[in-house]
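here you go, sequence then predicted model.
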Amino acid sequence: MTGFSSPRDDEADRIGKSAVIFLIVALALILAIGFFYLTRDSADRNGADSVLEAVESADNAAINVGEAARDTIDHLRRDN
């Protein structure tokens, strides 16, 4: 009877192989998601920080120009 396998043995082998393949794919997917989450978080944070710094600089410049214009107008009103 060697060399012959029953349908139950073939089915068990197929289920076992499918389970192993499923676990490998699931593990790869979990690792990929974790990798992209970790790298995306730091890259987005660095990019967002750069954008926020540029916006704050432009905002501060606009505020300073507005204050200078207001001071100049006040000074001109006092002189006239």
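Happy to help now that I have it.

residues near residue 72, how many?
10 (other Cβ atoms under 10 Å). From N, CA and C alone the C-beta is placed, and that goes for glycine too.

please apply the same query to the one 4 residues further on.
Counted with other Cβ under 10 Å, the neighbours of residue 76 add up to 9.

tell me how far it lies from residue 67.
Shown here: residue 76 relative to residue 67, a distance of 15 Å by Cβ to Cβ, to the nearest Å.

one more: residue 31?
Note on residue 31: its distance to residue 67, by Cβ to Cβ, is 54 Å.

what does residue 75 give?
The spacing between residue 75 and residue 67, counted by Cβ to Cβ, is 12 Å.

pLDDT weak spots in the protein?
For the chain, applying pLDDT under 70 flags the ranges 1-7, 40-45, 80.

what about the helices in it?
7-79 (DSSP state H).

stretch 10-23: which residues count as buried?
For stretch 10-23, burial by neighbour count (16 or more other Cβ atoms under 10 Å) applies to no residue.

hey, C-alpha coordinates of it in PDB?
The C-alpha trace of stretch 10-23 is given here as PDB (Å, rounded to 0.1, in the frame of the first residue of the first chain):
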ATOM      1  CA  ASP A  10      -4.600  14.500   0.000                       C
ATOM      2  CA  GLU A  11      -7.300  16.800   1.400                       C
ATOM      3  CA  ALA A  12      -5.400  17.200   4.700                       C
ATOM      4  CA  ASP A  13      -2.200  18.000   2.800                       C
ATOM      5  CA  ARG A  14      -4.000  20.500   0.700                       C
ATOM      6  CA  ILE A  15      -5.500  22.200   3.700                       C
ATOM      7  CA  GLY A  16      -2.200  22.200   5.500                       C
ATOM      8  CA  LYS A  17      -0.400  23.800   2.500                       C
ATOM      9  CA  SER A  18      -3.200  26.300   2.200                       C
ATOM     10  CA  ALA A  19      -2.900  27.200   5.900                       C
ATOM     11  CA  VAL A  20       0.800  27.700   5.600                       C
ATOM     12  CA  ILE A  21       0.500  29.900   2.500                       C
ATOM     13  CA  PHE A  22      -2.300  31.900   4.200                       C
ATOM     14  CA  LEU A  23      -0.100  32.400   7.300                       C
END
